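[1] What follows is a predicted structure for the sequence shown.
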Amino acid sequence: MEVSKKPLNAFQRPGNLPGGNGAQNSVQLLEKARTDTDVLLKELGSQLGGLSETEAGSRLKKVGTNEIAREKRQLP
């Protein structure tokens with residue numbers, strides 16, 4: 001199994017990698033989905049219209065891309 005060498009964001013860290021604790025992360029994600037929008041936006045430091053380009057760039061440098069880690073397919 002080969003995993004990407006890019007920096008991992010919060011949803012890509014070991015709990016969501018194969019063999020990790022994805023179930024716990026799923027529970028946390030469901031809890032966030034049920035949270036009041038204004039409260040969640042404040043927790044995330046965001047706003048309904050999204051992040052400014054400056055803030056988005058800063059977060060991209062800090063935590064990497066918002067991509068799900070996937071195993072590379074092995075060809076037969």
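    On my side now, so go ahead.

[2] for the protein, which spans come out with low pLDDT?
    Within the chain, the segments meeting pLDDT under 70 span 1-21.

[3] now the helices for it?
    Using DSSP state H, the helices of the chain run over 22-33, 37-44, 53-63.

[4] among the ones you listed, which is nearest residue 69?
    Ranking the helices of the chain by proximity to residue 69 (Cβ to Cβ) places helix 22-33 first, at 10.7 Å. (Glycine included, C-beta is placed from N, CA and C.)

[5] Endpoints of stretch 56-70, how far apart?
    Using Cα to Cα, to the nearest Å, one end of stretch 56-70 lies 23 Å from the other.

[6] my bad, stretch 55-75
    Per Cα to Cα, the first residue of stretch 55-75 is 40 Å away from its last.

[7] Quick check: buried residues in that stretch?
    residue 69 (16 or more other Cβ atoms under 10 Å).

[8] Centre of the chain to that stretch, how far?
    The chain centroid and the centroid of stretch 55-75 are separated by 8 Å under Cα atoms, centre = their mean, to the nearest Å.
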